[in-house]
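In: When you get a sec, could you give me coordinates for this:
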Amino acid sequence: MGFQFDVLSAHLNGSGQLVAGRARLKALIQIGSATAGTVNIWDTTTAPAAMTYARTGTTVTVTNNAHGLVTGDVVGLTFAAGTGGTATNGNYSITKTGANTYTVVDLNSGSITAGAAGTQGTRWLMSIDTNATSDVVPLLIPGDGIVARNGIYAQLSNQAGITIFYG
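Out: Below is the predicted model:
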């Protein structure tokens, strides 16, 4: 593959849609704040939904009221730290256990008390944890970048802004 000349950019100062439609995420520049935070990048055209979770061993139980999922659906999940640790962000095949709950199998094991916060979206692409500085941090994506099939959505927590480069 030759050099790509049609790289574009998009910028946000808060969570939101950066690109609609298929695109390859090539790089990003994250601008932190005085408080530690997180950047979650999603392959979606809608804002990811809040949920809570618990983990026992490798089983993560997610609570998301009226989630509408069926066993075998694949969802993107990000997890905030809870009492006992943090589950592993990623894309998971679910097992429906109720109208408001489902389980996934984490790659790692541990115990996390019920009620820890998290987010559920169509497809998770990547997460970046940031320290409590206003640093500007560039991140180059290796190879041809990360493919987003639906669009690129940035979920920012304690961030001053983000610029992405895509093609």
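
In: only C-alpha atoms for contact and neighbour calcs from this point on.
Out: Fine.

In: neighbours around Leu18, how many?
Out: By other CA atoms under 10 Å, 20 other residues sit near Leu18.

In: what's in contact with the helix-or-strand element of the chain with minimal mean pLDDT?
Out: Least confident helix or strand of the chain, by mean pLDDT, DSSP states H and E, is strand 136-140 with a mean of 90. With contacts defined as CA atoms under 8 Å, 6 or more residues apart in numbering, strand 136-140 is touched by Lys26, Ala27, Leu28, Ile29, Gln30, Ile31, Gly32.

In: and the fifth one, what are its bridge partners?
Out: When bridges are assigned using DSSP bridges, the partners listed for Gln30 are Val137, Ile162.

In: what about it, neighbour count?
Out: Neighbours of Gln30 under the rule other CA under 10 Å: 24.

In: do Asn89 as well
Out: Using other CA under 10 Å, the number of residues around Asn89 comes to 20.

In: what's the answer for Asp129, then?
Out: Around Asp129 there are 11 residues (other CA under 10 Å).

In: isn't it right up against Thr35?
Out: No. Asp129 is beyond contact range of Thr35, at 11.2 Å (criterion: CA atoms under 8 Å).

In: about what we covered before: tell me the most packed of the contacts of strand 136-140, by neighbour count.
Out: Neighbour max across those (other CA under 10 Å) = Gly32, 26 neighbours.

In: quick one: contacts for it?
Out: The neighbourhood of Gly32, defined by CA under 8 Å, 6+ apart, consists of Thr130, Asn131, Ala132, Thr133, Ser134, Asp135, Val136, Val137, Asn158, Gln159, Ala160, Gly161.
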